[in-house]
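Asker: would you be able to build a 3D model of this:
(one chain, ligands or ions: 2)
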Amino acid sequence: MREGSLEAPTRHPLDWRNPEFYEQAKVEQELGRVFDICHGCRRCVNLCTAFPTLFDLVDASSTMEVDGVAKQDYWKVVEQCYLCDMCYMTKCPYVPPHPWNVDFPHLMLRAKAIKFRKGIKFRDRLLSSTDALGKLAAIPVVAQTVNALNKNGLARAVLQSALGVHKDRELPPYASNKFRSNFEPSPSFPVKDGKNAPGKVAIFSTCYVNYNEPGMGHDLLALLEHNRVPYVVVEKEACCGMPKFELGDLEAVDRLKQINIPVLARVAKEGYAILTPVPSCTLMFKQELPLLYPDDAETLAVRDAMFDPFEYFVLRRKDGLLKTDFKTPLGKVSYHIPCHSRVQNMGQKTREMLEAIPGTAVSTVERCAGHDGTWGVKAEYFANSMKIGRPVFRQMAEPQPDYVASDCPIAARHIRQGMGDESKAAEKAHPLSLLRKAYGI
Ligand code: SF4
Ligand code: SF4
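Answerer: Ligands and ions are numbered 1, 2, ... in the order given. Next up, the predicted model:
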């Protein structure tokens, strides 16, 4: 069998409606097969805690091979995976079309789907209900109370023992003014389509921007307005489904898909570029939903119209349709590329854009920060999450930056927390906010 594959990697659709997908014996057999390949390879040992967990189990077994590991211990590996996709994207030479057909993250997903059907903790169900939580917590008085409690040591200790949310994890505040009910409508501009990207934009705002950091959404609209790109905010929106996907709750993903895809497909067919300001949500529409619904024309139309905001700006620049009248230099920016941006296979578009701003030095860190959406919040994973992030915290602090930025606002908060005192002099700012600042708008 040859080492690695010379052909471009492909990803097989997820056969999640097939009853076999949920058969524990079949999954354990496949876990054993893939774990055996991984044990012989071990390239991924430093990516996350899933692989060290596996290799420790093998090394401690009586045979020192995968056949010596008890099948119930396979699930310890599954628990450590937060589906960042990095093993598939950056390390594995055995991904399809290689005949060994290793897709480690999607095998973990299949195992998680089985685990989900057996029943999960109330905490996991709650944390992954970002839309419902946001609707409740963003009610003005409730938002202030939740934010105050999140900073109260006693309340956090209670939250940890009652719900398993780690008491030291810095949580994002809830905004009392939601993005979707407070955005400025677009001025009327003529639509200028470019060769590489459409000239009008539809915004899928995401739960995080809607309920936690609406400023990111307002910054994105200001950037579009400055560049005379007309926009709409999509008329109806539910969670993209990524938090449910990461739990293996594929039925919930399906319910959310039924709400989002018809609305998004309509704007895609009308020729809008759809921009999603949170990388995990963008990835859900670009990759995971198309793999769950490979024959659904609407899902594929949404995939083809979906852009990361910086991917869109760089393409507009290529089309000669992006203004470069920057007024404010940004100084030193420590910029982190989140895994779910890397998986989009679009190159380092945010870095490219920030580097085009005069008087701006960008130091780029391309490594998993270890938070994931809800994984690093949970009491049992918090320590591992901080451990995985340690090299990122160190590299981000090194240039003594003026700004700490990541496309993923959750990763940025985690990085700031991990940098501790070293981040005190640096301002945490989303790249969209930095671009707006540079334009002076
Ligand atoms: S998907 Fe990410 S967390 Fe899961 S095993 Fe691969 S590298 Fe580790
Ligand atoms: S996922 Fe691929 S690269 Fe990583 S340890 Fe397994 S076989 Fe090796």
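
Asker: quick one: mean pLDDT for the strand or helix carrying residue 438?
Answerer: Taking DSSP states H and E as the criterion, residue 438 maps to helix 431-439. The average pLDDT within helix 431-439 is 98.

Asker: which neighbouring elements make contact with that helix?
Answerer: Applying 3 or more Cβ pairs under 8 Å, 6 or more residues apart in numbering; DSSP states H and E, one finds that helix 431-439 contacts helix 214-226, helix 309-318, helix 349-355, strand 403-406. Where you see a C-beta, it was placed from the backbone N, CA and C, and this is true even at glycine.

Asker: around ligand 1, pick out the residues from this structure.
Answerer: Proximity of the chain to ligand 1 (Cβ under 6 Å from any ligand atom) is limited to residues 47-48, 50, 81-87, 104-105, 108.

Asker: make JSON lines from the helices and strands packed on helix 431-439 and add distance to ligand 2 and mean pLDDT to it.
Answerer: Listed next are those as JSON lines, based on distance: least, Cβ to the nearest ligand atom, whole Å; pLDDT from 0 to 100:
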{"stretch": "helix 214-226", "distance to ligand 2": "33", "mean pLDDT": "97"}
{"stretch": "helix 309-318", "distance to ligand 2": "27", "mean pLDDT": "98"}
{"stretch": "helix 349-355", "distance to ligand 2": "26", "mean pLDDT": "97"}
{"stretch": "strand 403-406", "distance to ligand 2": "25", "mean pLDDT": "94"}
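
Asker: dump the ones you listed to CSV, plus mean neighbour count.
Answerer: CSV is the format used below for those (neighbours: other Cβ atoms under 10 Å):
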stretch, mean neighbour count
helix 214-226, 21
helix 309-318, 23
helix 349-355, 21
strand 403-406, 25
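
Asker: and residue 351, how far from residue 48?
Answerer: For residue 351, the distance to residue 48 (Cβ to Cβ, to the nearest Å) stands at 24 Å.

Asker: try residue 77
Answerer: Taking Cβ to Cβ, one finds residue 77 at 10 Å from residue 48.

Asker: swap in residue 15?
Answerer: To residue 48, residue 15 is 25 Å away according to Cβ to Cβ.

Asker: now the helices for the stretch 1-150 of the chain?
Answerer: Ranges of helices in the stretch 1-150 of the chain, per DSSP state H, counting those that start in this stretch, are 24-41, 50-60, 71-80, 86, 104-118, 122-127, 130-137, 140-150.

Asker: for the longest helix belonging to the chain, give the mean pLDDT please.
Answerer: Using DSSP state H, we find that the single longest helix of the chain is helix 250-269. Per-residue pLDDT over helix 250-269 has a mean of 97.

Asker: elements contacting that helix?
Answerer: Partner elements for helix 250-269 (3+ Cβ pairs under 8 Å, 6+ apart): helix 242-247, strand 273-275, helix 289-292, helix 297-305.

Asker: want to try a markdown table for these, with mean neighbour count as columns?
Answerer: Listed next are those as a markdown table, based on neighbours: other Cβ under 10 Å:
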| stretch | mean neighbour count |
| --- | --- |
| helix 242-247 | 25 |
| strand 273-275 | 24 |
| helix 289-292 | 21 |
| helix 297-305 | 18 |
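
Asker: in what element of secondary structure is the residue positioned nearest the centre of the chain found?
Answerer: Against the mean C-alpha coordinate of the chain, by Cα atoms, centre = their mean, the closest residue is residue 280 at 2.6 Å. Assigned by DSSP H and E, residue 280 belongs to helix 279-283.

Asker: by contact count, what packs against that helix?
Answerer: With contacts defined as 3+ Cβ pairs under 8 Å, 6+ apart, helix 279-283 has these neighbours: helix 242-247, helix 339-342.

Asker: can you redo those as CSV with mean pLDDT and distance to residue 380?
Answerer: As requested, the helices and strands packed on helix 279-283 are exported to CSV (pLDDT from 0 to 100; distance: least, Cβ to Cβ, whole Å):
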stretch, mean pLDDT, distance to residue 380
helix 242-247, 92, 15
helix 339-342, 90, 21
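
Asker: take the helices and strands packed on helix 250-269 and write them to JSON lines, including distance to ligand 2.
Answerer: As requested, the helices and strands packed on helix 250-269 are exported to JSON lines (distance: least, Cβ to the nearest ligand atom, whole Å):
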{"stretch": "helix 242-247", "distance to ligand 2": "18"}
{"stretch": "strand 273-275", "distance to ligand 2": "32"}
{"stretch": "helix 289-292", "distance to ligand 2": "18"}
{"stretch": "helix 297-305", "distance to ligand 2": "25"}
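
Asker: worst mean pLDDT among these?
Answerer: Ranked by mean pLDDT, these bottom out at helix 242-247, with a mean of 92.

Asker: residues making contact with that one?
Answerer: Contacts of helix 242-247 with the rest of the structure, by Cβ atoms under 8 Å, 6 or more residues apart in numbering, involve 82-83, 109, 112, 116, 120, 124-125, 127-130, 250, 252-253, 256, 280-281, 283-284, 288, 372-375.

Asker: just the buried residues out of these, in ChimeraX syntax.
Answerer: Applied in ChimeraX, the following selects the buried portion of these according to 16 or more other Cβ atoms under 10 Å:
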select :82,83,109,112,116,124,127,128,129,130,250,252,253,256,280,281,283,284,288,372,373,374,375
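
Asker: tell me the buried residues in stretch 55-74?
Answerer: Within stretch 55-74, the residues that count as buried by 16+ other Cβ under 10 Å are 55, 57, 58, 66, 69, 74.

Asker: sorry, back to before: Serialize the helices and strands packed on helix 250-269 to a markdown table and add fields for distance to residue 199.
Answerer: Listed next are the helices and strands packed on helix 250-269 as a markdown table, based on distance: least, Cβ to Cβ, whole Å:
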| stretch | distance to residue 199 |
| --- | --- |
| helix 242-247 | 29 |
| strand 273-275 | 8 |
| helix 289-292 | 25 |
| helix 297-305 | 13 |
